[in-house]
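Visitor: What shape does this take:
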Amino acid sequence: MTDKQYDLVVIGTGPSGESAALSAAKKGRSIAVIERGRDVGGNCTHLGTIPSKTLRQAVKQILSIQSSQVLRDLGHPDWSPLPWLLDRLHRVVGEQVHMRSSFYARNGIDVISGNGRFSAENEITVTDVQRNTRTIGFKKAVIATGSRPYEPPDVDFSHPRIFNSDTILDPGFTPGSMIIYGAGVIGSEYASIFSGIGVKVQLINSRERLLSFLDDEISDALSYHLRLTHGVLIRHNEEYGRIEADEDGVTLHLKSGKRVWADALLWANGRTGNTDELGLDVLGLTPNERGQLAVDERYRTRHAHIHAVGDVIGSPSLASAAYGQGRAATADALNGQGFRHVDDVPTGIYTIPEISSLGPTERELTEARRPYEVGQALFQETARAQITGDTVGMLKLLFDPRTRELLGIHCFGDQASEIVHIGQAIMSQPSGCNTIDYFVNTTFNYPTMAEAYRTAALDGLNRINGVFPAPTDCPPGREAAQTEDALPSDVDDESTPKAAHVAQ
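Guide: Residues are numbered from 1 along each chain as shown. Down below sits the predicted model:
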């Protein structure tokens, strides 16, 4: 017998669970969310996106202070930045929890604390920390339990010098050196963070290049910047063999025969979906080897009344995508109206400097035999970057030389994750309105980083000058941009800059 019946029950209060619950509540339905943690917010708020990005921003502030000639002239005492960083992290997380808790209260959503487990196709049993249980019924359910760091069984994560991306948020000491095994997004971000506060970092990558899904030039620029600016030692094409740890440090034995030593080791190699305690056998659902659930194009599991969203269904495993997936699942579950499959997700990587991209890379377009041209803007040639001092990086636009359709946006540098959204808006426009001409024919505030779009567009148009005529099917009221001689601050007509030039 159930204690209470709900129209919709959501398991998990991360981005996907929160958006699913709030969207359903706005439709006047009875909603409950189940959260096994002490506070709402999920791993995104407590262990993932919010903490790591808070650390990253704080480290960036430290680097700005250290590079200030005024402060160097004034002098400053030696201090250990890690305790200050962690204090900043906990304050931001507390603010997030307070805000998100108010969302549920204002919308009349029941928050049930405990571990939720399916006991029937329309029932969930919740067990709290005191081992008390209650069973609730539902018409529809959304699984939004997120993921956790993958931990291979032969690595002793209870050792005080071995961490994963959750436990590294409170290491208990400030290491002088660190091995990061795994050079994906998480590993690269933490390499930036810890090297930024003076930790000697060795980044172990099992592949040939960093973040191989990125544009090659931006991947090379990141590698250059980590090595030359932050002093990170990157080892490519290396695989884990075994780990030895004692009270003095950690030795990583690689299959190549190398032995790498440091004060601490951060394992950042993959994540696992939080599905092992959901009682999925009752539903006849079997996760894959990484604990992820299969869903259809409307985020439904094999049971049409049970959806799954967020990290628990795998790629793209981004908080931004999870918010949209949660809303989409609710739309499909309740009435089918307003459903939108989330497929226009920009990549946001919060290294220092950060990276963001949307659309195919040059390599992908080449492999697809799709003609394209390139327009670039170096940040070091923009007034706003010179004013702020954040001159590292560039904006690259890929476009069709015949139609001028914007195909891809790739950005490396300060505010990259913000800058990309301007191009994203244009890429989503109908044919004829999604061209780089928009950036030339639109007036941007000056000085801003946004005007890098104009510079990059002019650069691209100058490359095709005299080769292809301007398109004639431009939107009413907007003439096609003509190629022109740009001012020196607008564009450099010379050859494509190399990675070292981008990273300087």
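Visitor: Which strands and helices lie in contact with the helix or strand encompassing residue 190?
Guide: Residue 190 is part of helix 185-196 when elements are defined by DSSP states H and E. For helix 185-196, the helices and strands in contact under the criterion 3 or more CB pairs under 8 Å, 6 or more residues apart in numbering; DSSP states H and E are helix 49-66, strand 177-181, strand 200-204, helix 216-228, strand 347-349. All C-beta spots, glycine's among them, are computed from the backbone N, C-alpha and C.
Visitor: what comes up buried for the longest one?
Guide: Judged by neighbour count using 16 or more other CB atoms under 10 Å, the buried positions of helix 49-66 are 49-60, 62-63.
Visitor: can you list those in a markdown table and add pLDDT?
Guide: Written out in a markdown table, the entries for the buried residues of helix 49-66 read as follows (pLDDT from 0 to 100):
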| residue | pLDDT |
| --- | --- |
| 49 | 88 |
| 50 | 90 |
| 51 | 86 |
| 52 | 88 |
| 53 | 88 |
| 54 | 87 |
| 55 | 85 |
| 56 | 86 |
| 57 | 86 |
| 58 | 84 |
| 59 | 87 |
| 60 | 84 |
| 62 | 80 |
| 63 | 80 |
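Visitor: would TSV of those residues with distance to residue 134 be doable?
Guide: As requested, the buried residues of helix 49-66 are arranged in TSV below (distance: CB to CB, whole Å):
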residue	distance to residue 134
49	31
50	30
51	31
52	35
53	36
54	35
55	38
56	40
57	40
58	41
59	44
60	45
62	47
63	50
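Visitor: just to revisit the earlier point, list of residues touching the helix holding residue 190?
Guide: For helix 185-196, contacts defined as CB atoms under 8 Å, 6 or more residues apart in numbering pick out 52, 55-56, 59-60, 62-63, 165, 168, 175, 178, 180-181, 183, 201, 203, 205, 210-211, 222, 226, 230-232, 266, 268-269, 349-352.
Visitor: can you give me the end-to-end distance of stretch 285-304?
Guide: 12 Å (CA to CA, to the nearest Å).
Visitor: Pull out the buried positions in it.
Guide: 285, 287, 291, 292, 293, 295, 299, 300, 301.
Visitor: And stretch 150-157, by the same measure?
Guide: For stretch 150-157, burial by neighbour count (16+ other CB under 10 Å) applies to 150, 151, 155.
Visitor: Run a quick neighbour tally on residue 106.
Guide: The local packing count at residue 106 equals 10, with neighbours defined by other CB atoms under 10 Å.
Visitor: Could you do residue 44 as well?
Guide: As a burial measure, the neighbour count of residue 44 was computed by other CB under 10 Å and equals 25.
Visitor: how near is it to residue 180?
Guide: Taking CB to CB, to the nearest Å as the measure, residue 44 and residue 180 are separated by 21 Å.
Visitor: next one: residue 163
Guide: Relative to residue 180, residue 163 is positioned 10 Å away (CB to CB).
Visitor: Now the common contact residues for the two.
Guide: Shared contacts of residue 163 and residue 180 (CB under 8 Å, 6+ apart): 265, 266.
Visitor: who has more neighbours, these two?
Guide: residue 180 (31 against 25).
Visitor: Below-threshold pLDDT in the stretch 351-500 of the chain: ranges please.
Guide: Counting by pLDDT under 70, the stretch 351-500 of the chain shows low-confidence ranges at 466-500.
Visitor: got the residue ranges for the strands in it?
Guide: With DSSP state E, counting those that start in this stretch, the ranges of strands along the stretch 351-500 of the chain come out as 355-358, 373-378, 393-399, 406-413.
Visitor: Dump these to TSV, plus mean neighbour count and distance to residue 437.
Guide: Putting the strands of the stretch 351-500 of the chain into TSV (neighbours: other CB atoms under 10 Å; distance: least, CB to CB, whole Å) gives the following:
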stretch	mean neighbour count	distance to residue 437
strand 355-358	24	19
strand 373-378	23	12
strand 393-399	27	10
strand 406-413	27	10
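Visitor: Would you verify that residue 152 is located in a strand?
Guide: No. Assigned with DSSP: H, G, I helix; E, B strand; the rest coil, residue 152 falls outside any strand and is coil.
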